[in-house]
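*Asks:* Just to be clear, the model below is a prediction. Sequence and coordinates:
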Amino acid sequence: MGADIKKLKGRIRSIDSTLHLTKAMGLVASSKIRKANEAMAASKEYANGAAEIISRLAAETSCRNNPYLRKSEGSREKLIVIAGDRGLAGGYNAGIFRTLRDYPNKDIAEMIPIGKKACDRLGEGFISAETFSYEEAHSLGVRLCKEFVNGEFDKLTVICTEYVSMMSQVPRAVPIFPLEAKSSAEKSAVSFVFEPSEDEVLRSFVPDYVTALLIACVRESFASEVSARRVAMDSAGKNAKQMIDDLQLEYNRARQSMITQEITEIVAGAGAN
C-alpha cells in the first residue's frame, strides 16, 4: 500500500511539472500571436495586390511568349516546404508532411525546406520560419526566377499552411510557376497602360511577385504554427489538470485505506492483549 501511495505522489509531481511547462509554452505562443497575425495580414495584402498585377499582365496577348508563362510537359519540379521551427503544435507539422507525402511528384522533386522541422527532415534550407527575412525571400525568389527562365525546372510549388481561424489551419499546395494566364473573358474591366511594354513589365516584376508570395506563405504558416501551439497547450493543460485531479482522488482513497488498515491493526492488537 505504501509503495502505491509513493508511486501516485511521483506521478502527480511529474504531471504537475508537465502542466507548468504547457502553461509556459502557451503563454509564449500567446505573446507571439498578435504580432504574427499582423505580419500575416500585411504580407497577404501586398501579395494579393502583386498577384492582381501579374494576373492582368499575364492575360495580355503581347505576353503570350513570356518565359514565365511557358507550358512544359517536363516533370522537373521544385517544392518549397514550409514547416514549423518547433514541435508541440498539435497537428501543424504533421499536416504539412502528410500533404508532402501525398503530393504526386514528391519522389523526384527538388526540396527547398523552410523551418527547422522541414530542414531536419528534408536537408539543408532556410533554418527558421519565424525569422525568415525579406532579404532571404528576395534572394531565393530571384534565383528561382532565373533558373525557371533558363529552363532548369518546369514547375514550382509551395507547400504551406492556410490560416483559417485560431482553431483551424489547413495545409495546402500553392502553385507559382508557370504563371497562369486568364482567358480574355476573365480580364479586368479596368484599363491599364504599361510602359515600356506589358511583356517587359511582366519580366521585371515577377521576381518581386515571387518574393511577396514567399513572404506571405511563410508569415501565414508561422501565424498558423503559433495558433496551433496555443490551442494544443491549452488542451494539454486541461488534460493535465484532469489527470492530477483523478490521481489526487486515487491518492486520497489509498491514503484513507492505509489509515483505516493501521487503525484496524492497532485495535486488533489491543484486543488480543
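*Replies:* Structure's in. What do you need?

*Asks:* Show me how far the helix or strand harbouring Ile54 is from its chain's centre.
*Replies:* Ile54 is located in helix 2-58, with elements delineated by DSSP states H and E. How far helix 2-58 lies from its chain's middle: 10 Å, per Cα atoms, centre = their mean, to the nearest Å.

*Asks:* the strands in the stretch 101-250 of the chain, which residues?
*Replies:* Using DSSP state E, counting those that start in this stretch, the strands of the stretch 101-250 of the chain run over residues 110-114, 155-165, 168-177.

*Asks:* remind me which residues of the protein are low pLDDT?
*Replies:* Scanning the chain with the threshold set as pLDDT under 70 gives 1-3, 182-192, 268-273.

*Asks:* still on that earlier bit, could you give the angle of the helix holding Ile54 to strand 155-165?
*Replies:* For helix 2-58 against strand 155-165, the angle by axes from the mean of the first three to the mean of the last three Cα atoms, to 10 degrees is 120 degrees.

*Asks:* Next secondary structure after helix 2-58?
*Replies:* The C-terminal neighbour of helix 2-58 among helices and strands, as given by DSSP H and E, is strand 77-82.

*Asks:* Run through the neighbouring helices and strands of that following strand.
*Replies:* Applying 3 or more Cβ pairs under 8 Å, 6 or more residues apart in numbering; DSSP states H and E, we find strand 77-82 packed against helix 92-101, strand 110-114, helix 116-122, strand 155-165, helix 198-272. Any C-beta I mention is one placed from the backbone N, CA and C, and that applies to glycine too.

*Asks:* switch to 7 Å and redo it
*Replies:* strand 110-114, helix 116-122, strand 155-165, helix 198-272 (3 or more Cβ pairs under 7 Å, 6 or more residues apart in numbering; DSSP states H and E).

*Asks:* Now for Arg229: which residues touch it?
*Replies:* Counting by Cβ atoms under 7 Å, 6 or more residues apart in numbering, Arg229 touches Met25, Ala29, Leu88, Ala89.

*Asks:* switch to 8 Å and redo it
*Replies:* Met25, Gly26, Ala29, Arg86, Leu88, Ala89, Gly90, Tyr92 (Cβ atoms under 8 Å, 6 or more residues apart in numbering).

*Asks:* coming back round to it: quick one: closest of the helices and strands packed on strand 77-82 to Arg13.
*Replies:* helix 198-272 (9.7 Å; Cβ to Cβ).

*Asks:* Quick one: work out the angle between that closest one and strand 168-177.
*Replies:* Using the same axes, to 10 degrees: helix 198-272 against strand 168-177 is 150 degrees.

*Asks:* and helix 198-272 with strand 77-82, angle?
*Replies:* 50 degrees.

*Asks:* sorry, back to before: mean neighbour count, the strands of the stretch 101-250 of the chain: which tops it?
*Replies:* strand 110-114 (a mean of 21; mean count of other Cβ atoms under 10 Å).

*Asks:* CA atoms only: put that one into CSV for me.
*Replies:* Below are the C-alpha coordinates for strand 110-114, written out as CSV (Å, rounded to 0.1, in the frame of the first residue of the first chain):
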residue,chain,number,x,y,z
GLU,A,110,13.9,19.0,-55.5
MET,A,111,13.0,20.2,-52.0
ILE,A,112,13.7,23.6,-50.5
PRO,A,113,12.8,23.5,-46.8
ILE,A,114,11.9,26.5,-44.7
